[in-house]
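Undergrad: coordinates for the following, if possible.
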Amino acid sequence: PGMVGDQLSFLISHAMFALVLSATAFAPSGPVSRAVPARTSSVCAGIPGMVGDCAPLGFFDPLGFSKDPERAKFMREAELKHGRVAMFATLGFLTTAGPTGFHPLLDLLGISPGPTPLADAAAIPGVAWVQVLAFIAAVEGFSLILKKSPNYVPGDLLGASEYMDVNDLGWQRYQLAELNNGRLAMFGILGLITESALYGHPLLGLGL
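TA: Numbers count the residues shown, from 1 in each chain. Have a look, this model is predicted:
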């Protein structure tokens, strides 16, 4: 009984973690002024106009990407996009894992759920994946159009940063929360996929 309780607690904690990850999935990352006093904010910008560095590492750029401002913007946009996708992927993995999971797409296609989310993905017809790739291409095309604007902020597909005060500490922390949640989600989904591929466990070895 104790083991079952521990497993359930473990599952609940990860489910809550996934919900937290999804909460900031589309928060844009806007410019941040470096003039904000350190006494009033724990959010700082190692690159002018960008948040992202925080404890315990602080400003972390061992490969020197920030030396080129344009490359830094490209890397920040890539980080945001990958983080947002990873947050949704983590939530989706935890939601669909196991025979008791929620499978709206498989139900719509009339496909029986497999033993793991990876098996479910392999069972989806190729035409469905074509639609997924087409949607990704549309989003990328839209972002390329937005980049032509001189005021474009990396990752801000909705233009929210134009209406926000760059010195507002709440806005800065909101951006930092999205970045950190996305970073955690990228590691999280990588771990979930690796564990499922190597051991065939649908969800963290709990056998659900």
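Undergrad: CA atoms for contacts and neighbours, from now on please.
TA: Will do.
Undergrad: all helices of this structure, in order?
TA: Listed in chain order, the helices of the chain (DSSP state H) span residues 2-23, 69-96, 104-109, 117-123, 126-146, 169-199.
Undergrad: pLDDT averaged over the first one - what is it?
TA: The one in question is helix 2-23. The average pLDDT for helix 2-23 rounds to 43.
Undergrad: and for the third one?
TA: Averaged across helix 104-109, pLDDT comes to 82.
Undergrad: now swap in stretch 150-164 and tell me
TA: Rounded mean pLDDT across stretch 150-164 is 84.
Undergrad: for it, measure first residue to last.
TA: One end of stretch 150-164 to the other measures 17 Å (Cα to Cα, to the nearest Å).
Undergrad: export the helices of the chain to CSV and tack on mean neighbour count and distance to D61?
TA: Converted to CSV, those look like this (neighbours: other Cα atoms under 10 Å; distance: least, Cα to Cα, whole Å):
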stretch, mean neighbour count, distance to D61
helix 2-23, 14, 24
helix 69-96, 19, 10
helix 104-109, 11, 40
helix 117-123, 16, 34
helix 126-146, 12, 25
helix 169-199, 19, 15
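Undergrad: mean pLDDT lowest where, among those?
TA: With a mean of 43, helix 2-23 has the lowest mean pLDDT of the helices of the chain.
Undergrad: re the thing from before, between the helices of the chain, which one is nearest to V153?
TA: Among the helices of the chain, the nearest to V153 by Cα to Cα is helix 69-96 (8.3 Å).
Undergrad: next, the angle helix 169-199 makes with the closest one.
TA: Interaxial angle of helix 69-96 relative to helix 169-199 (axes from the mean of the first three to the mean of the last three Cα atoms, to 10 degrees): 60 degrees.
Undergrad: quick revisit: CSV for the helices of the chain, including distance to G52?
TA: CSV is the format used below for those (distance: least, Cα to Cα, whole Å):
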stretch, distance to G52
helix 2-23, 16
helix 69-96, 9
helix 104-109, 35
helix 117-123, 32
helix 126-146, 21
helix 169-199, 6
